[in-house]
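Asker: Sequence and predicted model, in that order:
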Amino acid sequence: MTGRFRYLEILTIGFVVVLVVSNLIGPKICQIGPLLVSGAQLLFPITYICGDVFTEVYGYAASRRAIWLGFFAMGLLAVMGQIAVALPPAPGWHDQQAFQTVFGLVPRFAIASLVAYWVGEFTNSYTLAKLKLWTGGRFLWTRTIGSTITGQLVDTVVVILIAFWGVQSASQIAVLIASSYAFKVVYETLATPLTYLIVGWLKQAEGIDAFDRGTNFNPFAL
């Protein structure tokens, strides 16, 4: 599919890079005003914007391909992070503890992200594709915001429960879920004008406006 379009490959690579970096910075919890958010939330919502663009412009199949590529990239990060921590440090290298403190959390967070990302991204893409059919391609904002509401809800609850259960208190987890979900929904809602510009430009540049009529929405149908 990528050979037919000028920008799909670039967008897919950018999507995967943002996803991997989000997992590296995800274990840190930041306080922004009254909100408690994972470091990943500063970057990760961009992947949902990319997912909206993939589905809206190129169709569900392109989004499914990007989701799976991201899934395997995250899996590789988790495995290599664990191997790097487990390997014995050289005698003259004294940063093992610091390295382990940072990367020791990556496997758990990556597992949480793998599960949540997989379910959330496919929920997001499916919702947008169906809303596009129901609206006849009109009212793009209903699709970008509607898919964010469903996809980010699933993603946020799953990733935080798996990543922080037993590490943070139940009350902190509840605040983190509410804060992260609100942050991501507002983030992507504010990004709607930018999404409009990107989608409009890509549709014209690529000469495509995909409608998923008769599409097989099975996430495993690669």
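Answerer: That came in fine, so what should we check first?
Asker: And for stretch 117-127, what's in contact with it?
Answerer: 19, 47-48, 51-52, 54-55, 60, 63-64, 67, 70-71, 74, 143, 146-148, 150-152, 154-156, 158-159, 217, 219 (CB atoms under 8 Å, 6 or more residues apart in numbering). Yep, even glycine has a C-beta here, placed from its N, CA and C like the rest.
Asker: Poorly predicted segments of the protein, please.
Answerer: 1-3, 104-107, 222 (pLDDT under 70).
Asker: that older thread, just the buried residues of the contacts of stretch 117-127.
Answerer: By neighbour count, with 16 or more other CB atoms under 10 Å, these hold 19, 47-48, 51-52, 54-55, 60, 63-64, 67, 70-71, 74, 143, 146-148, 150-152, 154-156, 158-159, 219 as buried.
Asker: buried sites along whichever strand or helix holds Ala84?
Answerer: Secondary structure assignment for Ala84, by DSSP states H and E: helix 60-86. Residues of helix 60-86 classed as buried: 60-68, 70-71, 73-74, 77-78, 81-82, 85 (neighbour count, 16+ other CB under 10 Å).
Asker: And for stretch 197-213?
Answerer: Applying a neighbour-count criterion of 16+ other CB under 10 Å, one finds Ile198, Val199, Leu202, Lys203, Glu206, Ala210, Asp212 buried in stretch 197-213.
Asker: Can you give me the buried ones in stretch 19-26?
Answerer: Leu19, Ser22, Asn23, Leu24, Ile25, Gly26.
Asker: Stretch 121-134 now?
Answerer: For stretch 121-134, by 16+ other CB under 10 Å, it's Glu121, Phe122, Thr123, Asn124, Ser125, Tyr126, Thr127, Leu128, Ala129, Lys130, Leu131, Lys132.
Asker: Of the buried residues of stretch 197-213, which belong to helices?
Answerer: Ile198, Val199, Leu202, Lys203, Glu206 (DSSP state H).
Asker: Dump the strand or helix carrying Pro193 to PDB, restricted to CA.
Answerer: Assigned by DSSP H and E, Pro193 belongs to helix 192-206. Only the C-alpha atoms of helix 192-206 are listed here, as PDB (Å, rounded to 0.1, in the frame of the first residue of the first chain):
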ATOM      1  CA  THR A 192      -8.700  19.300  15.900                       C
ATOM      2  CA  PRO A 193      -7.900  22.400  13.700                       C
ATOM      3  CA  LEU A 194      -4.400  21.000  13.000                       C
ATOM      4  CA  THR A 195      -5.900  17.600  12.200                       C
ATOM      5  CA  TYR A 196      -8.300  19.300   9.700                       C
ATOM      6  CA  LEU A 197      -5.400  21.000   8.000                       C
ATOM      7  CA  ILE A 198      -3.300  17.800   7.800                       C
ATOM      8  CA  VAL A 199      -6.200  15.700   6.600                       C
ATOM      9  CA  GLY A 200      -7.300  18.200   4.000                       C
ATOM     10  CA  TRP A 201      -3.800  18.600   2.600                       C
ATOM     11  CA  LEU A 202      -3.100  14.900   2.500                       C
ATOM     12  CA  LYS A 203      -6.400  14.100   0.800                       C
ATOM     13  CA  GLN A 204      -5.500  16.600  -2.000                       C
ATOM     14  CA  ALA A 205      -1.900  15.600  -2.200                       C
ATOM     15  CA  GLU A 206      -2.500  11.800  -2.200                       C
END
